[in-house]
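1. sequence? don't have it. structure:
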């Protein structure tokens with residue numbers, strides 16, 4: 001190696017790889033490669049967003065370099081939060097979890113950008129010390145950041161690592177620290193039995209008065225929007241603004257306001273351009289759950305404000321839901337209440353897979369045994385019973401529809417102004433072919449919460465069932481825009497594919513069905529769509545081959561059973577049925 005082309009400098013190095021990659025590949029090679037490609041996109045996005053540079057993504061590993069340790073840590077935390085959202089929707093054995101190591105040290109950099117040296121080796125060794133889904137950092141990183149970032153560092157002790165002369169002291173990020181002192185514990189408000197959040201005043205980075213108004217306006221708009229989400233407990237603006245202009249200790253805010261989560265941000269102006277950065281923090285542990293930034297012009301401030309408010313609300317719901325699921329999962333069985341069992345059921349409810357839905361019903365049954373009048377558990381149980389009918393999972397589809405309607409209606413009686421509960425009831429009414437009632441309920445849900453992504457998605461399905469494919473696509477795309485990280489988005493892709501199939505655009509529909517099935521390999525009900533679409537496109541041999549595959553999951557499926565489960569218009573249903581017959585499905 002020619003040393004004249006090397007430059008030595010201090011840098012923060014991030015190294016990562018997949019835990020159990022060989023096992024995942026041996027179980028399902030295609031799905032693992034697809035998941036890895038998606039994860040690489042997440043790494044690249046957050047590395048670049050935090051002024052980092054990707055050095056290599058060979059195999060299942062990632063190597064990146066940053067100018068600052070804070071940039072590397074912010075990227076690592078955002079990456080793990082985003083990947084955890086995707087992993088939560090998978091069964092445990094199919095979850096792709098990364099280990100991440102971060103070190104601050106000297107590197108040797110070649111003119112082509114390649115880096116070498118002990119700093120790189122230490123980052124790689126730290127990564128191997130991190131538990132799956134977590135971040136391990138060196139003592140150099142911990143010392144430089146312990147008073148700068150609101151995160152906890154748990155001492156993992158010293159470790160002798162390969163090719164490094166001295167032991168390396170490691171710290172794990174995001175592990176809850178020691179309990180607060182007795183006085184603080186006595187003064188802490190009780191947490192509500194739902195996700196609780198305070199939107200704190202945003203920092204004005206330039207101190208211009210005009211910018212102050214912009215920052216306050218964005219905070220007020222976000223607070224008002226989050227307040228419409230019935231599943232959140234949101235602190236009023238006046239209480240949150242008591243912290244304006246003060247140094248923020250998020251754990252103190254948590255104690256004083258009785259909230260689990262804190263949303264904070266900053267506004268920066270350069271000329272007529274604005275940059276607004278937002279981050280969500282789990283105040284109990286100090287860990288970052290989610291972060292993003294938004295750019296726009298001063299002239300378009302109201303449009304920019306609307307855009308930020310919409311996207312923050314859409315991103316917070318799945319982010320907080322994931323954090324609450326993880327919190328419930330860590331609780332001991334004797335501590336579990338109706339809320340905890342419901343949170344544990346959540347990822348299974350939205351997986352739209354037969355075994356997962358059965359597991360969800362089991363957990364929701366535990367919740368309802370504790371509290372038979374808990375609206376959220378009732379509503380989600382109704383949705384699981386509805387899945388059993390529409391996806392041909394039950395032998396008696398009518399019985400499943402009745403159970404779905406019974407649970408969903410009882411939930412609405414108890415909490416009829418909750419957008420999610422109204423949306424579930426609307427979805428159930430689509431499956432019993434009450435499309436008019438379904439539309440009214442879903443429209444009421446989005447009136448109460450215009451950012452209710454799943455309600456917009458279900459409105460998309462109502463439009464598909466009513467032979468309005470163009471309107472359906474608009475609603476599905478709106479749902480994706482409102483909640484871009486939502487693990488349910490694969491179902492929106494199926495919905496857009498269904499709209500294309502109704503329009504006779506079979507090749508486009510087929511590409512979308514296959515993409516959705518790759519994202520969720522165990523959602524085998526998609527094969528019903530794929531077989532009909534292949535036959536409609538004239539690909540009869542391929543359709544027959546996929547039909548054989550479908551029989552593995554639906555051994556007794558017939559055209560009649562397909563039509564009993566589906567709720568499309570008579571014309572669309574007959575077209576699909578004719579295509580299934582062409583593929584060889586018996587009547």
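-> Perfect, I can see it now. Just so it is clear, the model here is predicted, and its values are computed rather than measured.
2. doesn't residue 419 make contact with residue 229?
-> Yes: judged on Cβ atoms under 8 Å, residue 229 makes contact with residue 419 at a distance of 7.4 Å. Using the backbone N, CA and C atoms, a C-beta is placed for each residue, glycine as well.
3. find residues that contact each of those two.
-> Listed contacts common to residue 229 and residue 419 are 449, 452; contacts here mean Cβ atoms under 8 Å, 6 or more residues apart in numbering.
4. for burial, what's the neighbour tally of residue 478?
-> Residue 478 has 20 neighbours, counted by other Cβ atoms under 10 Å.
5. what about the residue nearest to it when sequence neighbours are not counted, how many neighbours?
-> Distances taken as Cβ to Cβ, 6 or more residues apart in numbering place residue 456 nearest to residue 478, at 4.9 Å, with adjacent residues excluded. For residue 456, the tally of surrounding residues (other Cβ under 10 Å) stands at 25.
6. which strand or helix spans residue 456?
-> helix 453-465 (DSSP states H and E).
7. who are the packing partners of that helix?
-> Judged by 3 or more Cβ pairs under 8 Å, 6 or more residues apart in numbering; DSSP states H and E, the packing partners of helix 453-465 are helix 419-431, helix 435-448, helix 469-482, helix 489-502.
8. which ones are touching residue 453?
-> For residue 453, the contacting residues are 314, 317, 478, 479, 480, 482, 483, 486, 488, by Cβ under 8 Å, 6+ apart.
9. could I get the full set of strands for this protein?
-> Ranges of strands in the chain, per DSSP state E, are 6-18, 52-56, 61-66, 98-110, 115-116, 135-138, 153-159, 168-173, 196-199, 203-204, 233-234, 261-270, 273-282, 287-297.
10. now those in TSV, with mean pLDDT and mean neighbour count?
-> Formatted as TSV, the strands of the chain follow (pLDDT from 0 to 100; neighbours: other Cβ atoms under 10 Å):
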stretch	mean pLDDT	mean neighbour count
strand 6-18	87	21
strand 52-56	88	18
strand 61-66	91	23
strand 98-110	88	22
strand 115-116	82	17
strand 135-138	91	28
strand 153-159	82	15
strand 168-173	86	22
strand 196-199	84	26
strand 203-204	81	18
strand 233-234	78	21
strand 261-270	83	21
strand 273-282	84	21
strand 287-297	80	19
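11. any idea which of the ones you listed gets closest to residue 242?
-> Taking Cβ to Cβ, strand 196-199 is the member of the strands of the chain nearest to residue 242, at 10.3 Å.
12. now do the same end-to-end measure for stretch 555-571.
-> 27 Å (Cα to Cα, to the nearest Å).
13. just the residues contacting that stretch, thanks.
-> Contact partners of stretch 555-571, identified using Cβ under 8 Å, 6+ apart, comprise 389-392, 397, 430-431, 433, 435, 464-467, 502, 528, 550-551, 573, 576-577, 580-581, 585-587.
14. show me the contacts for residue 496.
-> With Cβ under 8 Å, 6+ apart, residue 496 has these contacts: 472, 473, 476, 477, 512.
15. now for this structure, the helix or strand with the poorest mean pLDDT.
-> Within the chain, confidence by mean pLDDT, DSSP states H and E is lowest for helix 182-187 among all helices and strands, at a mean of 32.
16. contacts only, for residue 503.
-> By Cβ under 8 Å, 6+ apart, the contact set of residue 503 is residue 469.
17. count the neighbours of the nearest residue to residue 24 once chain neighbours are set aside for me.
-> Spatially, and ignoring its direct neighbours in sequence, residue 24 is nearest to residue 32 (4.4 Å; Cβ to Cβ, 6+ apart). If you count neighbours by other Cβ under 10 Å, residue 32 ends up with 21.
18. so residue 32 sits against residue 23, correct?
-> No: in terms of Cβ under 8 Å, residue 32 does not count as a neighbour of residue 23; the distance is 9.3 Å.
19. count the neighbours of residue 58 for me.
-> Residue 58 has 9 neighbours, counted by other Cβ under 10 Å.
20. and what of residue 311?
-> Here the count is done by other Cβ under 10 Å, and residue 311 has 18 residues near it.
21. same check on the one 3 residues further on?
-> For residue 314, the count of nearby residues is 22 (other Cβ under 10 Å).
22. gap between it and residue 480?
-> 9 Å (Cβ to Cβ, to the nearest Å).
23. for residue 541, same thing?
-> Residue 541 sits 34 Å away from residue 480, going by Cβ to Cβ.
24. which of those two has more neighbours?
-> residue 480 (20 against 9).
25. just checking, the more buried one touches residue 489?
-> Yes: Residue 480 is within contact range of residue 489, at 5.4 Å (criterion: Cβ under 8 Å).
26. for residue 538, the count of nearby residues, please.
-> Neighbour count of residue 538, defined by other Cβ under 10 Å: 11.
27. tell me the contacts of it?
-> Contacts for residue 538 (Cβ under 8 Å, 6+ apart) come out as none.
28. what values do phi and psi take at it?
-> Main-chain torsions, residue 538, degrees, to the nearest 10: phi 80, psi 10.
29. next, count neighbours for residue 462.
-> 24.
30. these two touch, right, it and residue 430?
-> Yes: Residue 462 lies in contact with residue 430 (Cβ under 8 Å); the separation is 5.9 Å.
31. correct me if wrong: residue 281 contacts residue 289.
-> Yes: under the criterion of Cβ under 8 Å, residue 281 makes contact with residue 289 at 6.7 Å.
32. what is in contact with those two at once?
-> Shared contacts of residue 281 and residue 289, defined by Cβ under 8 Å, 6+ apart, comprise residue 261.
33. in this structure, which helix is the longest?
-> For the chain, the longest helix by residue count, based on DSSP state H, is helix 301-330.
34. quick check: mean pLDDT across that helix?
-> What helix 301-330 shows for mean pLDDT is 74.
35. cool, and stretch 26-38?
-> Stretch 26-38 carries an average pLDDT of 85.
36. quick check: the farthest pair among the contacts of residue 453?
-> It's 317 and 478 that sit farthest apart of these, by Cβ to Cβ, at 14.7 Å.
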